[in-house]
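Trainee: could you look at this predicted model? Sequence included:
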Protein chains: 2
Amino acid sequence: MEKKTLKIGLFGLGTVGSGIVELLMKKGKRIGDNRFVLRKIVENDLSRKKGASISWKLVRSDPDWILNDPEIDTVIEVIGGIHPAQEIIMQSLKMGKNVVTANKALLARAGSEIFQKSVENGCYLGIRASHIASYRLIDSLVSSPSQISTLQGVLNGTCNYLLTEMERKEEFFSVILKRAQAIGYAESDPSDDIDGYDTAHKLIVLLGLVSGTFLPLKSLYVEGIRRITLQDVKFARELGYRIKHLAIARMAGRVVEARVHPVLLPQGRGLARLEGVENGVELRDEMGLDISMQAPGAGKYPAATAILEDLICIAEDRKLLFLSEKEPLTLKKMEDIETKYYLRLNAFDQAGVLSKISGILGSHNISIQAVLQKGERKEGGYVPIILLTHKAREGNVQVALSEIGMLSAVQESPLLIRVEKETF
Amino acid sequence: MEKKTLKIGLFGLGTVGSGIVELLMKKGKRIGDNRFVLRKIVENDLSRKKGASISWKLVRSDPDWILNDPEIDTVIEVIGGIHPAQEIIMQSLKMGKNVVTANKALLARAGSEIFQKSVENGCYLGIRASHIASYRLIDSLVSSPSQISTLQGVLNGTCNYLLTEMERKEEFFSVILKRAQAIGYAESDPSDDIDGYDTAHKLIVLLGLVSGTFLPLKSLYVEGIRRITLQDVKFARELGYRIKHLAIARMAGRVVEARVHPVLLPQGRGLARLEGVENGVELRDEMGLDISMQAPGAGKYPAATAILEDLICIAEDRKLLFLSEKEPLTLKKMEDIETKYYLRLNAFDQAGVLSKISGILGSHNISIQAVLQKGERKEGGYVPIILLTHKAREGNVQVALSEIGMLSAVQESPLLIRVEKETF
C-alpha cells in the first residue's frame, strides 16, 4: 500500500470543525502510512478561530481560497445548512476534490446530484459523520447485491433521550425538554429533532444509498414526539412496551414503505433497549441476514472521529459509495400500510361509550386486542381509555379515529401510536 | 463507474463450486454494469462435472491450465484443505490474479503470507464466503481506526444446531448428532465442527483482519461440545442460561484474550437467542460502538452468494483487505483469564461433601454464587451437584477442580462451563 498525503481544506469552524482541527493537530498528522495535512480553513465568522488554537494564516472567509487551490485534494464541509454548503460541495467535486460531509439535510435533499457528481469526477464522497448509528454498515449496505428488506432505526439521540428520561424520571415532556436544552442534548430550537425531520433526513439518505433513489422529504410520513405524554410512556410500560421514535423502511421489489414516527416496541430487546442519547439501527436483507448496530450517540462518538475515518478511507483509496442505477422506488401510500395500533382517548365515564367506540372500530375492520381503562377520573368525568388493536389498515384507522373524535362522549381527537415488532 | 468484465477461473467443482457455476450461468453473467465470465474450471475428480450442466470443454484437471492463462484475472478457490489450495492461491496472486476463497482453515494457517502477497501484487483477496456470520462487518472491521475491544461469536452452525436441538427435543447428544448427520447439518466426521476447530479458524482470521496478527491455532484454548450433556442443557435453562459454543476475543492494547469453548449465556438476548444452524457475532469497539450480525447459517445463505458478492467488489474495484502493520499481539495465558464458572460434578450423597467442596474452592479464592442439587439419585448413590461461582481466575479453578476430582466422594472429574455475559 503506497503512502499518501492528503491536503485538506476545511469549511466551517463550529463545534465539529474545531474538533477536526484538534484531531488533525494532535494525532491526525500521520495515521499508519498516511499523512493528513490541514492546509486551509474557510469560516465566515472570523471570531470563531479564536477558540481553536490555530494560526491566523490558516483561516479566511472566501470559499474560493480553498476551491481554487489545485493543491488541495480533499474538502471537509461542516458548515451545515443547504446554502452555500451545496455549492461548495458541488464545486469541490467538479474540481476533482474528495468531499467529506456531515450534512444530512443537504444529502437528503440533493443526494442524487451530489453522489452522481462524485462518481463522474472519480472523487470520494465521505458521509460517515452524518450516520453515526449506521456508521459501520454503510459500505456493506451499498455494495450488497442482495436487497435490504427491512430497516428500522432510532436515529435521533435527542428524541430517545427525551422519551427515556420521561420514563426514568416520570416527569413531563416539557420539563425534560428544558433540562435537555440546558445540558446540550437538545437545541434551543429543538423542532428539527423532536418533529422528526432529522430522522427523516437520515432515513432518506440510507434509503438512497441502498436503493439509488432519494425520496423527497415531503413524500414521507413524518411525525415527531410532541404529542407523547408521560401518561403514554407509563401505559406503554404497563402493556409491555417502550415508546421509541423510529425510522422504518420496508422494501418489496421497488415498492417501499418509509415512515418516521413514534412507535411502541416490545420491551427488553433490540432497539427498545436503547437508553438516553443512544442510537441504533437494525437491518434484514432478503437473504435473511440480520445486522444491527448501536452507537453511544451524542458526545462520546464525535462527528470528528467519523470524519477522520473517511479521511483514512480516502488515503487508502477505498472508493466508498457509488449509487447503482436502478429503477426508481415507488413509495407505498401511508393509508395502505398495515400495523397494530395503540389508541389513547379521553372519554366521558359513562356506560356504553366503550361499546360505541368498539362499534366504530369494528365497522372499519379493526379488531381490539386489549383495553386498558384507568380509574383516575379527570375533571369533568373524563377517563383515559387505551385500546390496542390487532393489525389493521392505516386508512381505516384514520377514518375510524375521526368518527370516534366526533362522539360527544370523547374529548379531543384520540392519540394514535403505531405498534411495531423488532426486525429480528 | 466504468464497465468491467471479469474472466474467472474456478478451482473445485464440489457443492460450493457447482453452486457458483449455477449462479454465474443463471443470473451472474451480467450484474449491474459488470460482466462475469467463467472461463475455465479445474477439478481433479472429473466425474463431478457430470452433475453440473456445463460444457466438457470448460473442465480439466491441471491447475496450470488456469494459473498460466494470462487472460484469467480472477481465481475462485473452493477445493478446500491446505494443499494444493495454498499453492494455487499463492501462485494466482503471484501472477497478479484476484483470489476469492472460502478456505478458513487455510486462511487461519497462512493468512499472513496470503494477505501480504495480495497486497504486494495489488490483487483483491475475497474471503466473505469463509465468514458468513460476520460477512457484512469485514470491510468496516478492517478499515476502522478504532480498535475492537470485544468480539463474541457463535460461528459454527453445527454446534449451535446440536445444542439447541438437545434443548428443544430433550434428547441425548449422540441421538441429535446422528440425526444432524443424516440431514446434512453435521459431517460424517464431525470433529472439525464439534471439537471447535472450525470456530477457532474463523476467530483466528477475524482477529487477523482486526489486528494484523494471525495467531497460531495451537496457541489458542479450544474446547468443543462433546462433554456437554442433556443434563447440563437442562440445568443451564433452569438457572436462566443457555449453553452456546462461543468464540471470544478481548483486546486491551496489544494484549488479547482469545478462546473457543462452550459457555453459559443469559437467556433471551443477543447470541443466546440463536436457534438451529444460525450464526451470529457481536462486537464492541473502544469508541463504544456496538455492532451485531446474525446469519441464517447453513443452507439458506450459500457460500456461492458470498463469493458472488466478492466478485462484484472486484468488478467495482473495491480493494477490500489489507492488513496494517502493527505490533504483534500478545496472547493472554488461559490460566490468567477471569470469568464465572458453572461446575457440574457427581458426588456421593452424604453429609459433608458439599462443605468439603466449598472448602477447596474457598482455599483457591473461588466463591460460590449458587448451588443446585437435584434429588435424582443415580446408581451407587451419586447425585449431580451444580455450582455457579462468582468471578474467579481460571488457573485457580483448574487447580481446585483437580483437587475436588480427587475426593473419594466425587465421581469422575467435574465438568466446567464458563459463564459469559453478552457483549452489550
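Mentor: Sure, I can see it.

Trainee: show me what the host helix or strand of A:Tyr341 is packed up against.
Mentor: Using DSSP states H and E, A:Tyr341 maps to strand A:338-348. Packing partners of strand A:338-348 (3 or more Cβ pairs under 8 Å, 6 or more residues apart in numbering or on different chains; DSSP states H and E): helix A:230-238, helix A:353-363, strand A:382-389, strand A:392-393, helix A:394-405, strand A:410-419. Using the backbone N, CA and C atoms, a C-beta is placed for each residue, glycine as well.

Trainee: for A:Lys326, find the nearest of these.
Mentor: helix A:394-405 (27.0 Å; Cβ to Cβ).

Trainee: quick one: residues in contact with that closest one.
Mentor: Helix A:394-405 is contacted by residues A:334-339, A:341, A:343, A:345, A:357, A:360-361, A:363-366, A:389, A:410, A:412-414, A:416 when judged by Cβ atoms under 8 Å, 6 or more residues apart in numbering or on different chains.

Trainee: gap between the two ends of stretch A:48-65?
Mentor: With Cα to Cα, to the nearest Å as the measure, stretch A:48-65 spans 18 Å from end to end.

Trainee: check the average confidence over it, would you?
Mentor: Stretch A:48-65 carries an average pLDDT of 81.

Trainee: would you map out the domains in chain A?
Mentor: A:5-126, A:137-297, A:337-419 (automatic domain parsing).

Trainee: return the most buried member of those.
Mentor: Of these, the one with the most neighbours on average (mean count of other Cβ atoms under 10 Å in any protein chain shown) is domain A:137-297, at a mean of 20.

Trainee: tell me which residue is most central in chain A.
Mentor: A:Thr199 (2.4 Å; Cα atoms, centre = their mean).

Trainee: give me the contacts around the lengthiest helix in chain A.
Mentor: Looking across chain A with DSSP state H, the single longest helix is helix A:104-120. Residues outside helix A:104-120 that contact it (Cβ under 8 Å, 6+ apart) are A:80-82, A:85-86, A:89-90, A:93-94, A:99, A:101, A:123-125, A:127, A:130-131, A:197-198, A:200-202, A:204-205, A:208, A:213-214, A:217, A:321-323, B:1.

Trainee: if you set the cut-off to 7 Å instead, what comes out?
Mentor: A:82, A:85-86, A:89-90, A:93-94, A:99, A:125, A:127, A:130, A:201-202, A:204-205, A:208, A:214, A:217, A:321-323, B:1 (Cβ atoms under 7 Å, 6 or more residues apart in numbering or on different chains).

Trainee: wait, A:Arg227 touches A:Leu415, no?
Mentor: Yes - between A:Arg227 and A:Leu415 a contact is recorded at 5.8 Å, counting by Cβ atoms under 7 Å.

Trainee: follow-up on the earlier one: tell me which element the residue nearest to the centre of chain A falls in.
Mentor: Going by DSSP H and E, A:Thr199 is in helix A:197-211.

Trainee: how far out from the middle of the chain is that helix?
Mentor: Relative to the centre of its chain, helix A:197-211 is centred 7 Å away, using Cα atoms, centre = their mean, to the nearest Å.

Trainee: A:Leu311: what secondary structure?
Mentor: helix (DSSP: H, G, I helix; E, B strand; the rest coil).

Trainee: flag the shaky bits of chain A, pLDDT-wise.
Mentor: Under the criterion pLDDT under 70, the flagged ranges of chain A are A:1-2, A:26-29, A:31-32, A:49-53, A:139-140, A:142-145, A:297-302, A:318-325, A:375-380.

Trainee: recalculate using a threshold of 50.
Mentor: Where chain A drops to pLDDT under 50, the residues are A:300.

Trainee: would you map the helices across it?
Mentor: A:15-23, A:64-67, A:85-94, A:104-120, A:138-143, A:157-169, A:173-182, A:191-194, A:197-211, A:230-238, A:303-315, A:353-363, A:394-405.

Trainee: would you convert these into CSV that also reports distance to B:Asn44?
Mentor: Shown next, in CSV, are the helices of chain A (distance: least, Cβ to Cβ, whole Å):
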stretch, distance to B:Asn44
helix A:15-23, 54
helix A:64-67, 60
helix A:85-94, 51
helix A:104-120, 44
helix A:138-143, 33
helix A:157-169, 57
helix A:173-182, 67
helix A:191-194, 62
helix A:197-211, 42
helix A:230-238, 63
helix A:303-315, 41
helix A:353-363, 68
helix A:394-405, 60
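
Trainee: so what's A:Thr229 closest to, chain neighbours aside?
Mentor: Excluding the flanking residues, the one nearest A:Thr229 by Cβ to Cβ, 6 or more residues apart in numbering or on different chains is A:Phe173, at 6.7 Å.

Trainee: so who does the one you found touch?
Mentor: A:Phe173 neighbours (Cβ under 7 Å, 6+ apart): A:162, A:166, A:228-230.

Trainee: quick check: it vs chain B, distance?
Mentor: Taking Cβ to the nearest Cβ, to the nearest Å as the measure, A:Phe173 falls 28 Å from chain B.

Trainee: next: A:Phe172.
Mentor: 30 Å.

Trainee: pretty sure that residue sits against A:Leu230.
Mentor: Yes - with contact defined as Cβ under 7 Å, A:Phe172 counts as touching A:Leu230 (5.4 Å).
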